[in-house]
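Chemist: need a 3D model of the following:
(one chain, ligands or ions: 2)
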Amino acid sequence: MIIVMSHGATREQIDAVIARVREVGLSAETIIGEERSIIGVIGGSAYEYREAFSHLEGIQEITPISKPFKRASREFRREDTIVEVGTALIGGDNPPVMMAGPCSVENLEMLLETAHFVKSLGAKILRGGAFKPRTSPYSFQGLGEAALQMLAEAREQTGLAVVSEVVTPADVELVARYVDVLQIGTRNSQNFALLSEAGRSGKAVLLKRGMSATIEEWLLAAEYVLSQGNRNVILCERGIRTFEPATRFTLDLNAVPLVRELSHLPVIVDPSQGTGRWSLVRPMALAGVAAGAHGLIVEVHPRPGQAMSDGGQSLGFPEFERLSRELGRLTEALAPQPAAG
Ligand code: PEP
Ligand code: MN
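Modeler: Numbering: from 1, shown residues only. Ligands and ions are numbered 1, 2, ... in the order given. You can find the predicted model right below:
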């Protein structure tokens with residue numbers, strides 16, 4: 001439930017409410033606002049405890065959070081969360097942030113070549129898989145820690161922040177040592193031990209939607225990270241399984257504006273996994289931004305035909321250049337117009 005404090009509530013009154021929340025065995029998260037402060041109360045059936053607060057001063061109203069996800073909900077936090085990663089601000093009214101790079105880190109040379117190129121076109125975050133959760137155990141599994149070292153070297157040389165996937169709780173500490181953002185992949189989106197461990201890492205978390213996860217399940221997955229005290233969660237729509245085999249997945253762009261209504265968290269789009277075809281990546285990237293995405297994560301490879309994973313959905317440099325150019329024009333067109341007069 002949400003306890004909304006009245007306009008003139010004092011710090012002592014707020015503290016008294018928080019103390020009472022803890023006394024009845026619930027946990028509290030306080031958002032001190034300019035207008036009024038809000039205390040989010042979390043626990044099994046928190047709203048049933050509302051009488052426990054009826055004699056405390058400074059409370060304006062107590063309302064239930066109707067959604068099963070609490071910390072992720074718009075009711076819990078009205079303002080958009082903005083996640084700061086390196087020089088990027090992801091969320092709110094900030095222009096869309098481009099994250100780009102190869103599906104897998106294959107060697108230092110191709111990584112640096114890609115990093116310098118995407119940086120020159122305005123990307124703020126370099127992606128690159130070190131641990132690859134492949135459908136087949138015989139496919140390339142990634143270079144592991146060696147790839148993480150290459151990502152760190154690319155960050156050093158370019159100033160780009162880096163994002164890479166972590167596939168098991170035991171590796172969170174290792175991956176967190178090298179990257180700015182931990183990626184949780186679609187196949188692990190309901191690996192609750194991994195989500196909690198990533199939440200405890202102190203790093204921002206890029207949470208892909210499970211390919212068969214409902215929006216509610218996806219937001220509940222985010223709740224696992226948030227409930228560890230980590231507010232820096234970036235949601236990523238990356239396509240869902242449908243009856244349609246013509247594309248690898250069906251990019252669910254409904255999810256973008258809907259999640260923005262339901263949650264304060266930033267949401268980005270991955271048109272590479274979402275389509276599985278490089279020729280569809282640019283149009284669907286632009287469509288994602290038009291739908292309100294706070295950013296994109298795009299697979300780019302210097303020679304897609306030779307990629308060790310996902311070459312068919314990776315953009316070559318000329319295609320990425322075209323996407324960047326068109327994204328710039330779209331961003332300008334979507335920017336809030338200055339008030340007339
Ligand atoms: C990827 O980003 O390369 C990837 C494997 O993503 P997903 O988990 O969305 O399939
Ligand atoms: Mn990939």
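
Chemist: quick one, helices of the stretch 1-150 of the chain?
Modeler: 11-23, 108-120, 145-158 (DSSP state H, counting those that start in this stretch).

Chemist: same check, this time on the stretch 201-341 of the chain
Modeler: Counting by DSSP H, counting those that start in this stretch, the stretch 201-341 of the chain has helices at residues 215-226, 255-262, 271-275, 278-290, 317-334.

Chemist: would the shortest one count as contacting ligand 1?
Modeler: It stands for helix 271-275. Yes: in this structure, helix 271-275 sits against ligand 1 according to Cβ under 6 Å from any ligand atom; the contacting residues are residue 273. Just so you know, the C-beta spots here come from the backbone N, C-alpha and C atoms, and that holds for glycine as well.

Chemist: how far is that helix from where the chain is centred?
Modeler: Between the centre of helix 271-275 and the centre of its chain there are 16 Å (Cα atoms, centre = their mean, to the nearest Å).

Chemist: where does pLDDT dip in the stretch 201-341 of the chain?
Modeler: When residues are selected by pLDDT under 70, those of the stretch 201-341 of the chain lie in 341.

Chemist: near ligand 2, which residues of it?
Modeler: Within the stretch 201-341 of the chain, the residues that sit near ligand 2 (Cβ under 5 Å from the ion) are residue 310.

Chemist: please redo it, this time with the cut-off set to 6 Å
Modeler: Taking Cβ under 6 Å from the ion as the test, the list of the stretch 201-341 of the chain residues beside ligand 2 reads 273, 299, 309, 310.

Chemist: residue 145 and residue 173 touch, don't they?
Modeler: No: under the criterion of Cβ atoms under 8 Å, residue 145 lies out of contact with residue 173, with a separation of 11.8 Å.

Chemist: could you list which of the residues of the stretch 201-341 of the chain next to ligand 2 belong to strands?
Modeler: Filtering these for membership in strands, criterion DSSP state E, returns residue 299.

Chemist: and the furthest pair within the residues of the stretch 201-341 of the chain next to ligand 2?
Modeler: Among those, the pair separated by the greatest distance (Cβ to Cβ) is 273 and 309, at 11.2 Å.

Chemist: and the two? which has more neighbours close in?
Modeler: residue 273 (24 against 20; other Cβ atoms under 10 Å).

Chemist: now for the more buried one: which residues touch it?
Modeler: Residue 273 makes contact with 186, 208, 238, 239, 248, 249, 310, 313, according to Cβ atoms under 8 Å, 6 or more residues apart in numbering.

Chemist: and which of those is nearest ligand 2?
Modeler: Out of the contacts of residue 273, the one with the shortest distance to ligand 2 is residue 310. That distance is 3.8 Å, counting by Cβ to the ion.

Chemist: for stretch 164-179, list every residue counted as buried.
Modeler: Of the residues in stretch 164-179, those buried under the neighbour-count criterion (16 or more other Cβ atoms under 10 Å) are 164, 165, 166, 167, 169, 171, 172, 174, 175, 176, 178, 179.

Chemist: end-to-end on it?
Modeler: With Cα to Cα, to the nearest Å as the measure, the first residue of stretch 164-179 is 7 Å from its last.

Chemist: got a list of what residue 198 touches?
Modeler: Contacts of residue 198 by Cβ under 8 Å, 6+ apart are 166, 172, 182, 184, 205, 225, 230.

Chemist: the residue in the stretch 1-150 of the chain positioned nearest to ligand 1: what's it in contact with?
Modeler: Here the residue of the stretch 1-150 of the chain nearest ligand 1 is residue 103; by Cβ to the nearest ligand atom that distance is 4.6 Å. The contact partners of residue 103, taken as Cβ under 8 Å, 6+ apart, are 128, 129, 132, 272, 299, 301, 307, 309, 310, 311, 313, 314.
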